[in-house]
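Novice: fold the stuff below for me.
(one chain, ligands or ions: 2)
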Amino acid sequence: MANPDRAIWDNMLAHLRKHHAPLCRNWFEQITPVGVADGSIVLRAGTVLQRDYLRRECIGAFNDAAQTATNSLLAIRFLGPDDLAPPPPRDRRNSTPGREADRDDADAHANDPAHHAVDGAVNGSTNGAATSPAASGDNTTPRSSAGRNAQQSVSHRVHTASEAELATRPGTLPINPDYGFENFIIGPGNRLAHAAALAVADNPGGAYNPYFVHGDVGLGKTHLLQAICVSIRESRPNSVMHYVSCDGFINDFMQSVQGGRMSEFRHRFRDVDVLVIDDIHFLASRDRTQEEFFHTFNSLYQERKQIILSSDAPPEEIPDLEERLVSRFKWGLVAKVDPPTFETRIAILLAKARLRAFNLPDEVAAYIAGKVVTNIRELEGAISNLQMLCSVEGRPVDIDMARESLGDRPEVVTRGPTIEEIITTVCGFYEVKRTDVLGKRRHQSISLPRQICMYLARKHTRHSLEEIGGHFGGRDHTTVLHAVRSIETKKADDADLAAVLESLDKGLRNAIGR
Ligand code: ADP
Ligand code: MG
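Specialist: Ligands and ions are numbered 1, 2, ... in the order given. So this is what the prediction gives:
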């Protein structure tokens, strides 16, 4: 790579760090500039996942950086380690008129004379040869030049095995290059889920089948699922994996039924080594999809193929899930992810900052970890805000800046209310007796406060449904589940009840001094 292009890329990186900080990752350092072709700067990412992330999330920011760094309307084109670089410009200009349609990152300005002028200028300095993989220093896949020429003459299309695989499996979710095991911080809340995920990745179909991870939103379930996918893809590149959201499964099923394409659907979901379905709780109360999923599960299980599922609730608490599926989900390993402790939150913040090449001092990480306790996605949002503020203000991060970027959130105590505190607050509000709420009376004046107590206990404490039922006069877990659902449903249509619940939440915060 000749110097002028290196210099352009360095300027682009500086621009990205300043103006698009939250998108930046430490591995951007390893991106190599390949050259300029047809009005596009061609950049090569270190892995296919990184390339896909760049194409998915970063094209606008990189175009902006390219245009600022070169002062011309150059666009960006990303390649993966094995993707063929576009041929030198002279070849391309002589090629067939339809060639633009073959491009992955179509460059709307390719035919603008201004760009050819720029191409000429930069290519003059790079001698045109920089557009070949060899010249970019990319020798990850040695190819004979005859082979390369043959491939180029057949098509200029950038094509990889992973794209081919994605093309045959519609609905496959993109994998985030940040979601590997190496970026997952282990803490008391996720130790088991993580250890089991590693075992599954090492021995798919043999360790825990199915692997079922559940927990509240933003606690790392999707990250673990994707880490397993990444790891299996690396260690067993030939294994066939299908990774979809539950909605993806449902939509694919509906469309396949309507279009009479059930055999293709079954091939997609059953002829795989690993099936990964994120947020399986959405399967609830959809009879036909449950039926289909049941058969999919059985078919994969019998063949000793790995099934990996995530959910916001344990199997027995997924509403309207058929008993036969509840029991199957428990055949392998059911692991829960709990919210991270203070120390884990700090470690996650520091790891996320490192990944974003963002210098976050320990004391600032501790400050944020004390303020943001609910979920890890929020921690990440806090880093993004801080990173933006830092680049806009152009000064190093300190606690004042963190305070400013978080707004005036109160310092949060990680302790939530106890069931006792909930009962006291609710009884005080409704002016009912504690013994009545815990007793058997079914009158509406008692049953509503009782249901609210159960709902709040479920919301604010870590007790299981059985434990909560035990607290309320030895009631069954299904009674608690019914109470929780009934309050959730009523709350949605009843503004008065929603206001009562809000004021009870406030009362509880006061009760524990938050
Ligand atoms: P869920 O699927 O449980 O809602 P995600 O997997 O989407 O949560 O996680 C939300 C964010 O938090 C992601 O950016 C993820 O990388 C991050 N995250 C969650 N747990 C961890 C962890 N233990 N270590 C590092 N990052 C984590
Ligand atoms: Mg998720």
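
Novice: need the strands for the chain, in chain order.
Specialist: 32-37, 40-44, 75-79, 211-215, 241-245, 274-278, 306-311, 333-337 (DSSP state E).

Novice: would you reformat these as JSON lines and include mean neighbour count, mean pLDDT and distance to Arg434?
Specialist: C-betas here are computed from N, CA, C, even on glycine. Below are the strands of the chain laid out as JSON lines (neighbours: other CB atoms under 10 Å; pLDDT from 0 to 100; distance: least, CB to CB, whole Å):
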{"stretch": "strand 32-37", "mean neighbour count": "25", "mean pLDDT": "88", "distance to Arg434": "69"}
{"stretch": "strand 40-44", "mean neighbour count": "24", "mean pLDDT": "92", "distance to Arg434": "67"}
{"stretch": "strand 75-79", "mean neighbour count": "25", "mean pLDDT": "93", "distance to Arg434": "64"}
{"stretch": "strand 211-215", "mean neighbour count": "25", "mean pLDDT": "97", "distance to Arg434": "32"}
{"stretch": "strand 241-245", "mean neighbour count": "21", "mean pLDDT": "94", "distance to Arg434": "44"}
{"stretch": "strand 274-278", "mean neighbour count": "24", "mean pLDDT": "96", "distance to Arg434": "42"}
{"stretch": "strand 306-311", "mean neighbour count": "26", "mean pLDDT": "97", "distance to Arg434": "35"}
{"stretch": "strand 333-337", "mean neighbour count": "21", "mean pLDDT": "95", "distance to Arg434": "31"}
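
Novice: can you add distance to Asn298 and give those back as CSV?
Specialist: Shown next, in CSV, are those (distance: least, CB to CB, whole Å):
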stretch, distance to Asn298
strand 32-37, 48
strand 40-44, 44
strand 75-79, 41
strand 211-215, 16
strand 241-245, 16
strand 274-278, 12
strand 306-311, 10
strand 333-337, 18
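
Novice: closest to Phe429 out of the ones you listed?
Specialist: Judged by CB to CB, the one of the strands of the chain that comes nearest to Phe429 is strand 211-215, at 30.2 Å.

Novice: packing partners for that closest one?
Specialist: helix 191-202, helix 221-235, strand 306-311, strand 333-337 (3 or more CB pairs under 8 Å, 6 or more residues apart in numbering; DSSP states H and E).

Novice: note down every partner strand of it and its orientation.
Specialist: In the sheet, strand 211-215 lines up against strand 306-311 (parallel), strand 333-337 (parallel) (DSSP bridges).

Novice: ligand 2: which of those strands is closest?
Specialist: Ligand 2 lies closest, by CB to the ion, to one member of the strands paired with strand 211-215: strand 306-311, at 6.2 Å.

Novice: next one: the closest one to chain centre, how far?
Specialist: 15 Å (CA atoms, centre = their mean, to the nearest Å).

Novice: what sits up against that strand?
Specialist: Outside strand 306-311, the residues that touch it by CB atoms under 8 Å, 6 or more residues apart in numbering are 200, 204-205, 209-214, 221-222, 224-225, 228, 273-281, 297, 300-301, 318, 329, 332.

Novice: what does the model give Pro410 for pLDDT?
Specialist: Confidence at Pro410, expressed as pLDDT, is 52.

Novice: can you check Met1 too?
Specialist: 41.

Novice: where does this structure have its least confident helix or strand?
Specialist: helix 113-126 (a mean of 31; mean pLDDT, DSSP states H and E).

Novice: wait, what's in contact with the residue of the stretch 151-300 of the chain found nearest ligand 1?
Specialist: With CB to the nearest ligand atom as the measure, Gly220 is the residue of the stretch 151-300 of the chain nearest to ligand 1, at 2.6 Å. Shown in contact with Gly220 (CB under 8 Å, 6+ apart): 184, 190, 193, 337, 376.

Novice: quick check: it vs Glu182, distance?
Specialist: As for Gly220, its distance to Glu182 is 14 Å (criterion: CB to CB, to the nearest Å).

Novice: circling back: could I get the strands of the chain as a markdown table with distance to ligand 1?
Specialist: Below are the strands of the chain laid out as a markdown table (distance: least, CB to the nearest ligand atom, whole Å):
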| stretch | distance to ligand 1 |
| --- | --- |
| strand 32-37 | 26 |
| strand 40-44 | 24 |
| strand 75-79 | 22 |
| strand 211-215 | 6 |
| strand 241-245 | 11 |
| strand 274-278 | 7 |
| strand 306-311 | 6 |
| strand 333-337 | 7 |
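
Novice: ok, the residue lying closest to Gly46 once chain neighbours are set aside to Arg51 distance?
Specialist: Excluding the flanking residues, the one nearest Gly46 by CB to CB, 6 or more residues apart in numbering is Gln30, at 4.6 Å. According to CB to CB, Gln30 and Arg51 sit 12 Å apart.

Novice: for Phe249, same thing?
Specialist: Phe249 is 27 Å from Arg51, by CB to CB.

Novice: next one: Asp82
Specialist: For Asp82, the distance to Arg51 - CB to CB - is 10 Å.

Novice: now do Arg356
Specialist: 19 Å.

Novice: and Asn26, by the same measure?
Specialist: In terms of CB to CB, Asn26 sits 16 Å off from Arg51.

Novice: more crowded one of the two?
Specialist: Counted by other CB atoms under 10 Å, Asn26 and Arg51 do not tie: Arg51 has more neighbours, with 25 against 12.

Novice: tell me how far Glu234 lies from Met241.
Specialist: 12 Å.

Novice: kindly report the same for Asn385.
Specialist: According to CB to CB, Asn385 and Met241 sit 35 Å apart.

Novice: next one: Arg442
Specialist: Taking CB to CB, one finds Arg442 at 51 Å from Met241.

Novice: again, but for Leu49
Specialist: Distance from Leu49 to Met241, by CB to CB: 13 Å.

Novice: now Ser263
Specialist: Distance, Ser263 to Met241, using CB to CB: 20 Å.

Novice: equivalent analysis for Leu219, please.
Specialist: 23 Å.

Novice: follow-up on the earlier one: tell me which of the helices and strands packed on strand 211-215 sits most buried.
Specialist: strand 306-311 (a mean of 26; mean count of other CB atoms under 10 Å).

Novice: now this protein against ligand 2: closest residue?
Specialist: Closest point on the chain to ligand 2, by CB to the ion, is Thr222, at 3.3 Å.

Novice: which residues does that residue contact?
Specialist: With CB under 8 Å, 6+ apart, Thr222 has these contacts: 179, 278, 310.

Novice: what is the nearest of those residues to Arg17?
Specialist: Looking across the contacts of Thr222 and measuring by CB to CB, the closest to Arg17 is Tyr179, at 22.4 Å.

Novice: how near is the residue nearest to Glu57 when sequence neighbours are not counted to ligand 1?
Specialist: Leaving aside its sequence neighbours, Glu57 sits nearest to Leu23 (CB to CB, 6+ apart; 6.2 Å). According to CB to the nearest ligand atom, to the nearest Å, Leu23 and ligand 1 sit 14 Å apart.

Novice: cheers, nothing more for now.
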